[in-house]
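Q: Build me a structure from this.
(2 chains)
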Amino acid sequence: MEYRIRAYVDELFEKAPKTQKAYELKIELTQNLIDKYYAMVSEGKSEEDAYRLTVLGIGDINELFVGLEEEEYQPRSVSPEKEPEEKRRAALTAIAIMMYILSVVPLIVLKNLGGFFETIGVVLLFFMVACATGLLIYSSMTKPGRKEGTSTVVADFRDWQSQKEKSQRLWKAIRSAFWPIVLAVYFLLSFSTGKWGITWIIFLIAPAVEAILRALFASSEK
Amino acid sequence: MSIASDMIRGHTDTIILAQLLQGDSYGYKINRAIEMKTGGKFELKEATLYTAFRRLEQMGWITSYWGDENTGARRRYYSITELGVENYYRMLNEWEASKQIIEHLIRPERAE
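A: Numbers count the residues shown, from 1 in each chain, chains lettered A, B, ... in the order given. Okay, the predicted model is just below:
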């Protein structure tokens, strides 16, 4: 008889929106209906009567589904602290990219003054690239995996999954910083040596370096 | 009977909160307690009950967590928050006030 209740709930939920909340509600409702059913049977009702009363007691299920659909649109307004978090990360990324682009400016300007000033330009360039890279890595490492405070069956599984994702995220962070650094090194070498004819080779070397990094990363994961 | 049910339904939230004041509980257990308390005269429809749970949780009056029974039956437990307790007493006071008003209004004026 238990399977009949499950089948009945399955059928009811066919109309439900396919969301995590709906799925959890289904689990919750099924378990509680089964509890109710067995309680009635233990009170001496026949299985058929108990089943019928259980099913009748559910009431208008559409009442429940209305809420589930609404919730799909709500998360933004429900968790107002999430949006500033996203904005903050967007700002960090924007600043980092701006710093990459501007990092060559001091060198271009100071180069003409020669000697000591040129060194300052190089130092500034490295400094800005370092800051920008730091920002990028920081912003992608602090990316929240999911909303806090949701403790659910599905979330348990996601936790386990995000353990795996964490190491992938680190790799992503490194990779997102990699090419800007390559570009910065290219400009740095080109401006400081003036040998534009040969420095482009860095773009041939870079993919190789990237591949090696990835291999190293993959092996350290195991 | 159906009129009485309609009247009671307006107080679903308060009724659920009153149950949770006695400790964490789950859907069927709460409804069972309500049924026992009224001597089988009233129980909530599941649809009404779970809609109320979600509404209360959204307002932050209750929180929920999945219990880990070893039997394989996973039940979602609800527990009342401080905000929920505050609002319970507010609604209780409102009920007391309206009860008095209705009590007055529902009867014909007595001849002095």
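Q: Please name the residues that touch B:I8.
A: By CB atoms under 8 Å, 6 or more residues apart in numbering or on different chains, the contact list for B:I8 reads B:I15, B:F42. In this view, the C-beta of every residue, glycine as well, is placed from N, C-alpha and C.
Q: Got phi/psi on the residue of chain A most remote from its centre?
A: When distances are taken from the C-alpha mean of chain A, A:G44 lies farthest, 52.9 Å away, according to CA atoms, centre = their mean. As for A:G44, its main-chain torsions (degrees, to the nearest 10) stand at phi 110, psi 0.
Q: Tell me the predicted confidence for it.
A: Model confidence at A:G44, given as pLDDT, is 90.
Q: distance of it from chain B?
A: Using CB to the nearest CB, to the nearest Å, A:G44 is found at 14 Å from chain B.
Q: Which stretches in chain B count as strands?
A: Per DSSP state E, chain B carries strands over the ranges B:25-26, B:62-66, B:76-80.
Q: Would you reformat the ones you listed as JSON lines and include distance to A:A208?
A: Formatted as JSON lines, the strands of chain B follow (distance: least, CB to CB, whole Å):
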{"stretch": "strand B:25-26", "distance to A:A208": "59"}
{"stretch": "strand B:62-66", "distance to A:A208": "50"}
{"stretch": "strand B:76-80", "distance to A:A208": "54"}
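Q: Which of those sits closest to chain A?
A: For the strands of chain B, proximity to chain A was assessed by CB to the nearest CB; strand B:76-80 is nearest, at 4.5 Å.
Q: got the angle for that closest one vs strand B:62-66?
A: Using axes from the mean of the first three to the mean of the last three CA atoms, to 10 degrees, the inter-axis angle of strand B:76-80 relative to strand B:62-66 is 150 degrees.
Q: just how off-centre is strand B:76-80 within its chain?
A: Averaged C-alpha coordinates place strand B:76-80 at 13 Å from its chain's average position (CA atoms, centre = their mean, to the nearest Å).
Q: who touches it?
A: If you take CB under 8 Å, 6+ apart as the criterion, strand B:76-80 is touched by A:24, A:27-28, B:17, B:20-21, B:24-27, B:30, B:53, B:56-57, B:61-67, B:88.
Q: again, but for stretch A:4-11
A: Defining contact as CB under 8 Å, 6+ apart, one finds that stretch A:4-11 is touched by A:K26, A:L29, A:T30, A:L33, A:I34, A:Y37, A:Y51, A:T54, A:V55.
Q: Report the buried residues of that stretch.
A: A:I5, A:Y8, A:V9 (16 or more other CB atoms under 10 Å in any protein chain shown).
Q: is it true that A:L135 touches A:A96?
A: Yes - using CB atoms under 8 Å, A:L135 makes contact with A:A96 at a distance of 4.1 Å.
Q: Next, format the strands of chain B as CSV and append mean neighbour count and mean pLDDT.
A: Listed next are those as CSV, based on neighbours: other CB atoms under 10 Å in any protein chain shown; pLDDT from 0 to 100:
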stretch, mean neighbour count, mean pLDDT
strand B:25-26, 20, 91
strand B:62-66, 18, 91
strand B:76-80, 20, 93
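Q: And these: which comes nearest A:A211?
A: Proximity to A:A211 (CB to CB) singles out strand B:62-66 among those, at 44.5 Å.
Q: Give the partner strands of that closest one in its sheet and their orientations.
A: Strand B:62-66 has the following strand partners under DSSP bridges: strand B:76-80 (antiparallel).
Q: Packing partners of the helix or strand hosting A:A94?
A: Secondary-structure assignment from DSSP states H and E places A:A94 in helix A:82-102. For helix A:82-102, the packing partners by 3 or more CB pairs under 8 Å, 6 or more residues apart in numbering or on different chains; DSSP states H and E come out as helix A:75-78, helix A:115-141, helix A:153-193.
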